[in-house]
Structures are given as structure tokens and as C-alpha cells.
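give me the fold of what follows.
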Amino acid sequence: MEKPVEITKLVDFAPLPKMFALDFRRFLRGVVLLLVWVTCLFFGGSSRSQEKAESSVYRQSVGSGVQQTAELVSSEKQAERLVASMLSRLGRVESISARIRQRTRAEGMVLVGTGRYLQQGSGVDQQFRFEVVNKADTETFELLEVSDGISFWKFQKGGSMPVRLTRVDISQIRAKLKDFGIEENQAVAPHLGGLQRSLALIRRFFQFESAERESLEGLPVWRVVGRWNPTRLIENFPHLKALSDSPKGLTTALPVGTPCSVELIIGSEQLFPFRITWSARSDDGRVEPISVLELYEVRLGEPVDSAAFVYKPSAEGLLDVTEQFVQETRPLRK
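Numbering: from 1, shown residues only. From the prediction side, this is the model:
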């Protein structure tokens with residue numbers, strides 16, 4: 001049995017630099033394509049954190065709490081290997097329990113999310129649960145994703161949007177993966193939702209260029225930075241095709257507020273992603289963070305209550321989106 005690992009230390013949070021205003025819809029269009037986590041922003045509204053400034057993850061500056069060193073691994077292959085290994089390890093770890101907090105600023109709005117992520121088992125027996133609640137001034141918005149190994153459920157509620165509940169038959173996703181020559185014992189979560197899906201999407205859309213050894217309150221970590229994969233960028237922004245000969249020109253031509261880079265803080269030993277930061281270009285050309293997500297109070301290899309993966313919703317309003325998922329399923333980037 002894997003030795004339980006508990007990560008409870010947090011960084012000392014410094015004030016967050018003032019983030020620029022941006023076109024919120026453009027932000028959503030770009031980010032939602034990249035991260036399952038940010039799906040909850042569809043419910044966006046003005047939101048303000050109730051946490052104390054000195055202890056809030058949302059008020060940290062870039063690299064806050066991370067002790068930087070001079071050791072930089074310039075090899076792009078090394079950076080890519082780290083992210084690929086992280087995703088592979090997440091699919092094989094015996095269990096995960098972590099709390100989530102995220103803060104995103106857009107067009108004068110502060111979007112705050114809190115929640116948790118649970119995962120247990122491997123292969124066909126793997127289950128996971130991701131839930132986050134966004135609190136606005138007068139409303140509460142919810143996102144829940146649950147996989148019991150048989151079905152994948154996604155529940156969304158909040159704002160003026162109608163409640164949306166969808167289901168995916170996981171056996172059909174596995175059958176599609178088998179057509180690609182992917183063995184049954186491989187994790188299917190990267191094709192469904194939760195933490196693994198979010199990181200798989202990041203890896204699909206971004207190329208990781210550098211990895212730097214650092215320390216997060218005594219915990220050795222890697223700071224890995226990625227930028228748009230030019231091919232994926234043109235797929236999402238066809239009008240940039242004329243600039244395809246210059247990858248740098250592609251990113252500078254992105255609409256203001258569209259994520260142009262992502263930074264992962266990954267535990268060196270556990271290869272667990274403790275922090276994800278998205279940055280975008282402001283009107284004056286500066287690249288600044290627009291969203292920070294942190295997983296904390298992380299426990300690996302400890303027992304998880306199986307009741308968390310039991311989900312029996314009412315059939316009223318249920319949409320089966322299995323066919324759509326099957327059509328979109330493809331092998332992960334190697």
C-alpha cells in the first residue's frame with residue numbers, strides 16, 4: 001500500500017498585484033476551452049472574498065511563498081516530461097483528498113471558488129468527485145462532477161441559467177479508447193472531468209518550455225511554465241493563421257485578457273500539482289496573472305469515504321451526452 005502523504009503547509013501570502021480589466025466573455029471563451037475548472041465561471045457574477053487578506057491564497061503575488069533558486073532546466077523535453085509524468089502519476093495514485101480555492105478577476109469582478117477534490121482506485125475501478133461553489137454578492141453557483149466508475153455525472157446550477165444535469169456512460173468511452181489501442185487499465189478520468197481532465201486539457205493546448213527547481217515552504221517543487229501550442233491556438237483563433245510563421249507573434253496578437261501562459265507548481269517527490277496560475281496580456285502589453293487555483297491540505301494514499309462517489313440524481317431534466325463525449329474522445333498527447 002502506498003505510504004500516506006499529507007501536505008498541509010501553505011505559503012505566506014503577499015498582496016496580489018492589481019489585475020487588469022478584460023473582456024469577460026473573451027476570457028471565458030479562451031479559458032473554458034482549456035480548463036474544466038473554469039467552467040464554473042459561466043455562472044460568474046461580482047464576488048468578494050470573505051477571507052482575511054493576510055491568509056488568502058487569492059492575494060498572493062506571482063511566485064509568492066515559492067523560494068526561487070538559480071537552477072533552471074532549460075530543456076523543453078524535460079518540462080514536457082514532468083507534466084506528462086504528473087498526469088500519469090495522478091492516474092495511478094491510490095487516493096487523493098484535497099481542498100480547492102480559486103480566485104479570478106475580470107472586468108472589475110472578483111470570482112471566488114472553494115471546494116474539494118476526491119479520488120480513489122485505479123483503472124476501471126477509479127472514482128472521483130470534484131465540487132466547487134462560487135459565491136457572488138447575492139447568489140450562489142454550484143458545479144459538481146462525480147464518477148462512480150460506471151457513469152460520469154455533471155451538475156451545474158446558478159444565476160439565471162437553468163439547472164443542467166448530464167450523464168456519460170463510461171463503458172462507451174472505454175470502448176472508444178480501446179479502438180485507439182489504449183489498455184483498459186489506463187485511467188479514463190482525463191477524458192471525463194475532474195483534476196485529471198483539467199490538466200489533460202492544459203497539456204493539449206500548451207507546450208511546456210521550462211522547469212525550475214524551487215521550494216514551497218520547505219517542500220521541493222518544480223515551477224513549470226507553458227505557452228500556447230501554435231497549432232491549437234490557430235484552431236481556436238483562425239484569424240491568427242497569417243501569423244503562424246512567428247509563434248511569438250501569435251501570442252502577442254491574442255485578444256486582451258485571453259490566457260497566453262500557464263504556470264504549474266508541482267511537488268518534486270509526489271508530482272502533485274499544488275497550484276495553477278493563468279496569465280494574460282493587458283492593454284499595455286504586460287503579462288499578468290488573471291486566475292490562481294490552489295489545491296491544499298492534500299492527502300495522498302489515505303482512505304477516502306466511498307460514499308462521496310455515490311450519486312443518484314432525479315431523472316428529471318437529465319441529458320445523456322455520451323455520444324458527444326465519444327465523438328470528442330481522442331488519445332492524450334504523448
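
and the host helix or strand of residue 212, which residues are buried?
Per DSSP states H and E, residue 212 falls inside strand 206-216. Across strand 206-216, burial judged by 16 or more other C-beta atoms under 10 Å covers 206-208, 210-212, 214, 216. From N, CA and C alone the C-beta is placed, and that goes for glycine too.

try stretch 304-324
Those would be 304, 308-309, 311, 322, for stretch 304-324 by 16+ other C-beta under 10 Å.

in helices, which of those residues fall?
Residues from the buried residues of stretch 304-324 lying in helices, with DSSP state H as the criterion: residue 322.

pull the number of nearby residues for residue 84.
15 (other C-beta atoms under 10 Å).

so it sits in a helix?
Yes - applying DSSP: H, G, I helix; E, B strand; the rest coil, one finds residue 84 inside a helix.

show the pLDDT at it.
On the pLDDT scale, residue 84 is placed at 95.

hey, C-alpha coordinates of the strand holding residue 212 in PDB?
The C-alpha trace of strand 206-216 is given here as PDB (Å, rounded to 0.1, in the frame of the first residue of the first chain):
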ATOM      1  CA  PHE A 206       0.000  24.300 -24.100                       C
ATOM      2  CA  GLN A 207       3.600  23.500 -24.700                       C
ATOM      3  CA  PHE A 208       5.800  23.500 -21.700                       C
ATOM      4  CA  GLU A 209       9.100  25.300 -22.200                       C
ATOM      5  CA  SER A 210      11.000  25.400 -18.900                       C
ATOM      6  CA  ALA A 211      11.100  23.800 -15.500                       C
ATOM      7  CA  GLU A 212      12.800  25.400 -12.500                       C
ATOM      8  CA  ARG A 213      13.600  23.800  -9.100                       C
ATOM      9  CA  GLU A 214      12.100  25.800  -6.200                       C
ATOM     10  CA  SER A 215      10.900  25.400  -2.700                       C
ATOM     11  CA  LEU A 216       7.400  25.800  -1.300                       C
END
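
for it, packing partners?
For strand 206-216, the contact count by 3 or more C-beta pairs under 8 Å, 6 or more residues apart in numbering; DSSP states H and E identifies strand 66-73, helix 76-92, strand 219-228, strand 259-267 as packing neighbours.

can you name the residues bridging to residue 319?
Counting by DSSP bridges, residue 319 forms beta bridges with residue 166.

kindly report the same for residue 116.
Going by DSSP bridges, residue 116 is paired in beta bridges with residue 99, residue 131.

from what I see, it and residue 101 are in contact.
No - the pair residue 116 and residue 101 fails to qualify as a contact (C-beta atoms under 8 Å) at a distance of 10.1 Å.

these two: who's more crowded?
Neighbours were counted for residue 116 and for residue 101 using other C-beta under 10 Å; residue 101 has more, 19 against 15.

can you list the low-confidence ranges for the stretch 101-250 of the chain?
Within the stretch 101-250 of the chain, the set of residues satisfying pLDDT under 70 comprises 106-109, 136, 241-250.

quick one: the helices in it?
In the stretch 101-250 of the chain, the segments counted as helices under DSSP state H, counting those that start in this stretch are 170-179, 194-205, 230-236, 247-252.

most tightly packed of these?
Among the helices of the stretch 101-250 of the chain, helix 194-205 has the highest mean neighbour count (mean count of other C-beta atoms under 10 Å), at a mean of 22.

okay, angle between that one and strand 219-228 too, please.
In terms of direction (axes from the mean of the first three to the mean of the last three C-alpha atoms, to 10 degrees), helix 194-205 departs from strand 219-228 by 50 degrees.

now for helix 194-205, which elements pack on it?
Helices and strands touching helix 194-205, by 3+ C-beta pairs under 8 Å, 6+ apart, are helix 24-34, helix 76-92, strand 109-120, strand 127-135, helix 230-236, strand 273-281.

one more time with 7 Å, if that's ok
Applying 3 or more C-beta pairs under 7 Å, 6 or more residues apart in numbering; DSSP states H and E, one finds that helix 194-205 contacts helix 24-34, helix 76-92, strand 127-135.

out of those, which comes closest to residue 270?
Relative to residue 270, the nearest member of these by C-beta to C-beta is helix 76-92, separated by 7.6 Å.

contacts for that closest one, please.
By C-beta atoms under 7 Å, 6 or more residues apart in numbering, the surrounding residues in contact with helix 76-92 are 73, 122, 187, 189-190, 195-196, 199-200, 203, 208-211, 222, 224, 264, 266, 271, 273.

leaving out chain neighbours, which residue sits closest to residue 321?
Leaving aside its sequence neighbours, residue 321 sits nearest to residue 166 (C-beta to C-beta, 6 or more residues apart in numbering; 4.7 Å).

count of residues packed around residue 155?
Residues lying near residue 155 (other C-beta under 10 Å) number 16.

hey, what's it bridged with?
Those that pair with residue 155 in a beta bridge, by DSSP bridges, are residue 144, residue 165.
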